[in-house]
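In: give me coordinates for this.
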Amino acid sequence: MTTLKGHKIIVTGAAQGLGLRSAQLFVERGAQVFLADVNADALSAAAAELGAGHVPVDVTDADGVEQMFDRAVAHLGGLTGVLNSAGLALVQSALELDIEGWQRVMDVNVRGTQLVCCSAAKRMIPLGGGAIVNMASAAGGGGIPRRSAYGTSKAAVAYQTRCLAAEWGHLGVRVNAVAPGYIDSGMTRDLEARGRIDLNRIRARIPLAKLGDAADIARAAAFLLSDDAGYITGEQLFVDGGWNAYGGAGAVNSC
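Out: Presented below is the predicted three-dimensional model:
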């Protein structure tokens, strides 16, 4: 089992979903964590559950991100890892989606990723390095209907990950990404209830024939943040039951 004993990790988007489940697993594996999220109330509850330091932050706010890192590093007494889990998903046809919504997805998923990565690297380099894991998506690996904003943003995250890994590797900072597929979550069930996705058709297209669990993503992130992944950087790890290996979206128009 991957251990994170001695690691000091900041998790953004930590109030719920994949970020919260990852933070829980990191603590179980021995890490100290510091939580950040735009939802202050849910963040406080998550921090109380884990006994963790926390601060509300909008990852699109450059000054706010810098202040969050200052507080986090002071609280943790250092920094070895960051899980960049804050994100925004919109499942909407290109003709329905207004440009303001499209831009908001880009701001959170691309601008936010860049701000968090750079703030992390500036603090990790003087400390001898560290590891950053970004949250990409299987939606960034191929054309999927109603993902013109989300899929584009996550393809950008995958490219950011490779560029930053190449730029910072000699400085001791590793940068990788986890690319989740369809995860059994409240958001997924809500999309199904609203008729935005058809989970039966999705399961039929996944080679493992099932949705993933948040813990699947958490374990992948824990590995990439751990010393076991010390010679891995610039990679995008698909955790999608084989969705990406199967190819593009194909005829699954209800995805």
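
In: determine the longest strand present in this structure.
Out: Scanning the chain for the strand with the most residues, using DSSP state E, yields strand 173-180.

In: can you give me the buried ones in whichever helix or strand comes after that one?
Out: Counting by DSSP states H and E, the element after strand 173-180 in chain order, helix or strand, is helix 186-193. Applying a neighbour-count criterion of 16 or more other Cβ atoms under 10 Å, one finds Thr188, Leu191 buried in helix 186-193. Every residue, glycine included, has its C-beta placed from N, CA and C.

In: what packs against the longest strand of the chain?
Out: Packing partners of strand 173-180 (3 or more Cβ pairs under 8 Å, 6 or more residues apart in numbering; DSSP states H and E): helix 112-124, strand 130-135, helix 150-168, helix 214-225, strand 236-239.

In: again, only using 6 Å
Out: Counting contacts by 3 or more Cβ pairs under 6 Å, 6 or more residues apart in numbering; DSSP states H and E, strand 173-180 packs against strand 130-135, helix 150-168, helix 214-225, strand 236-239.

In: so which residue is dead centre in this protein?
Out: Met135 (2.5 Å; Cα atoms, centre = their mean).

In: pLDDT below threshold where in the stretch 101-250 of the chain?
Out: In the predicted model of the stretch 101-250 of the chain, residues 247-250 satisfy pLDDT under 70.

In: ok, the longest strand of the chain: who's next to it in the sheet?
Out: Using DSSP bridges, strand 173-180 pairs in its sheet with strand 130-135 (parallel), strand 236-239 (parallel).
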